[in-house]
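A.B. asks: Quick one, what's the 3D model for this:
(one chain, ligands or ions: 3)
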Amino acid sequence: MQQAEHFLQDALAAFDFGGEIVGAVRYGSGHINDTFCVHTQPGEDPCRRFILQRISAAAFHHPDQVMSNIAGVTAYLAKAIAAAGGDPSRETMTVVPTRDGKSFYTDSEGGAWRVYPFIEGTICLQAAETPELFAASARIFGRFQRMLKDYPADTLYETIPRFHDTEDRLAKLKAAVAADAMGRVKDVQPELEFVKKREADCSVALQALRDGKLPLRVTHNDTKLNNVLIGRESGEGICVIDLDTVMPGLSINDFGDSIRFGANHSAEDEQDLSKVNFDLSLYEVYTQGFLEGAGGALTQAELDYLPWGAKLMTLECGIRFLTDYLEGDHYFRIHREGQNLDRCRTQFKLVADMEEQWEAMKAVVDKYR
Ligand code: ADP
Ligand code: GN1
Ligand code: MG
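C.D. replies: Ligands and ions are numbered 1, 2, ... in the order given. Model prediction:
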């Protein structure tokens, strides 16, 4: 596949930005899509910005299905937000159509491009800078869950099959080990040992789903802190973004993925593991905010399983980073050699920390349920 830049001019020409394009630059810290910020100058008006993205073909094999889900969910949210007296143009994403009225443009290589208005006056955090900001992200992700409670799940495509199927992620890791495409298996023995000891854990949430204990809901499935925009002035959650993986899933995973990323003080790819520590107080802050935002939408069993969501999303993400490292870094964008292995190691360190604080994690949920 060509670099996204190769198609950028064609992609820009496919949309009507309502003014002269004065720049388009790479933007954000997402691992998956190619994201650009487009600046336009509509006449005398102040500069306007848009987000232009090429949807990752490695991650999403059916971009039409991704966009169909997003069109449905954003239209539904816009109505609900307007009914609640909010501002849909800020509180949900809005798809900007192509000049010929489609929800995305297809480049000559089959890559799919889409545009959203840039939501101004917001910040996007790479780490929980303050507990208050983390709480704000928790409330808005909890609210997202509640707002989609009655969304018709059968109208959603599964944009990445078996996305949070931890058993399948484990199987894919084993396949990558067997293939050893890059000759890297010899370098990851401690990590493989770590996973081996936790193979049974990989089935806990799925088994609860199979047993009918946990309900399948419409979930976001990628709830890290940099997938939410926070008001620069208000410090409140404004908009949940990155809706590519909205599909049927488990609420405990939405809770858990946020904990994985945000309840610590280190970067996801920190190389000094002594700096990577699960922070129980941030976990508490998030739990309180998420439950407040969800407003009673969760069942008792879901509440019981929240700590499992945290541990399993972290373990699964570590497994995914390790698999990608072994396969040659095709999925998660890297900026340096070994970055996916570093990412895997931080996840496993956090899992080990959670195991040590397991009883305290359960007690926190009990305090706020
Ligand atoms: P990826 O799937 O690669 O993570 P995202 O959809 O999360 O892609 O977008 C990457 C980054 O772009 C986000 O983390 C955020 O900083 C920024 N971003 C995306 N959409 C918007 C938007 N509508 N307004 C402002 N910033 C946005
Ligand atoms: C990816 O797209 P982004 O960067 O927000 C990934 C998540 C991982 C996360 C790890 C579609 O999220 O599942 O948890 O990286 N998204 C996809 O940081 O695979
Ligand atoms: Mg993202």
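A.B. asks: Which elements pack onto the helix or strand hosting Arg169?
C.D. replies: Arg169 is part of helix 166-179 when elements are defined by DSSP states H and E. Judged by 3 or more CB pairs under 8 Å, 6 or more residues apart in numbering; DSSP states H and E, the packing partners of helix 166-179 are helix 189-196, helix 204-210, helix 306-327. Every residue, glycine included, has its C-beta placed from N, CA and C.
A.B. asks: could you redo those helices as TSV and give each row distance to ligand 1 and mean neighbour count?
C.D. replies: Below are the helices and strands packed on helix 166-179 laid out as TSV (distance: least, CB to the nearest ligand atom, whole Å; neighbours: other CB atoms under 10 Å):
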stretch	distance to ligand 1	mean neighbour count
helix 189-196	24	14
helix 204-210	23	17
helix 306-327	14	26
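A.B. asks: I'd like the ones you listed laid out as TSV, including mean pLDDT and distance to Thr245.
C.D. replies: Compiled in TSV, these are given as follows (pLDDT from 0 to 100; distance: least, CB to CB, whole Å):
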stretch	mean pLDDT	distance to Thr245
helix 189-196	98	23
helix 204-210	98	16
helix 306-327	99	13
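A.B. asks: looking at the ones you listed, which is closest to Asp64?
C.D. replies: Smallest distance to Asp64 across the helices and strands packed on helix 166-179 (CB to CB): 24.7 Å, for helix 306-327.
A.B. asks: Let me see the contact set for the residue of the stretch 1-150 of the chain found nearest ligand 3.
C.D. replies: Residue nearest to ligand 3 within the stretch 1-150 of the chain (CB to the ion): Gly30, separated by 3.8 Å. Going by CB atoms under 8 Å, 6 or more residues apart in numbering, Gly30 touches Asn226, Asp242, Arg333.
A.B. asks: of all those, which comes closest to ligand 3?
C.D. replies: Asp242 (3.7 Å).
A.B. asks: Can you tell me the closest non-neighbouring residue to the closest one?
C.D. replies: Asn227 (4.0 Å; CB to CB, 6 or more residues apart in numbering).
A.B. asks: Correct me if wrong: the one you found contacts Ile241.
C.D. replies: Yes: with contacts counted by CB atoms under 8 Å, Asn227 reaches Ile241, the gap being 5.5 Å.
A.B. asks: who does the helix or strand hosting Ser281 touch, helix- and strand-wise?
C.D. replies: Element membership of Ser281 [criterion: DSSP H and E] is helix 280-294. Contacts defined by 3+ CB pairs under 8 Å, 6+ apart place helix 280-294 against helix 131-147, helix 251-262, helix 358-368.
A.B. asks: Report the inter-axis angle for the longest one versus helix 280-294.
C.D. replies: Counting by axes from the mean of the first three to the mean of the last three CA atoms, to 10 degrees, helix 131-147 points 40 degrees away from the direction of helix 280-294.
A.B. asks: In PDB, could you pull the C-alpha coordinates for helix 131-147?
C.D. replies: What follows is helix 131-147, C-alpha atoms only, in PDB (Å, rounded to 0.1, in the frame of the first residue of the first chain):
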ATOM      1  CA  PRO A 131      -8.100  13.100  38.100                       C
ATOM      2  CA  GLU A 132     -10.800  15.600  37.200                       C
ATOM      3  CA  LEU A 133     -10.100  15.200  33.500                       C
ATOM      4  CA  PHE A 134     -10.100  11.500  33.800                       C
ATOM      5  CA  ALA A 135     -13.400  11.600  35.600                       C
ATOM      6  CA  ALA A 136     -14.800  13.700  32.800                       C
ATOM      7  CA  SER A 137     -13.800  11.100  30.200                       C
ATOM      8  CA  ALA A 138     -15.400   8.400  32.400                       C
ATOM      9  CA  ARG A 139     -18.700  10.300  32.600                       C
ATOM     10  CA  ILE A 140     -18.900  10.800  28.900                       C
ATOM     11  CA  PHE A 141     -18.000   7.200  28.000                       C
ATOM     12  CA  GLY A 142     -20.600   6.000  30.600                       C
ATOM     13  CA  ARG A 143     -23.100   8.400  29.000                       C
ATOM     14  CA  PHE A 144     -22.200   7.100  25.600                       C
ATOM     15  CA  GLN A 145     -23.100   3.600  26.800                       C
ATOM     16  CA  ARG A 146     -26.400   4.800  28.200                       C
ATOM     17  CA  MET A 147     -27.400   6.800  25.100                       C
END
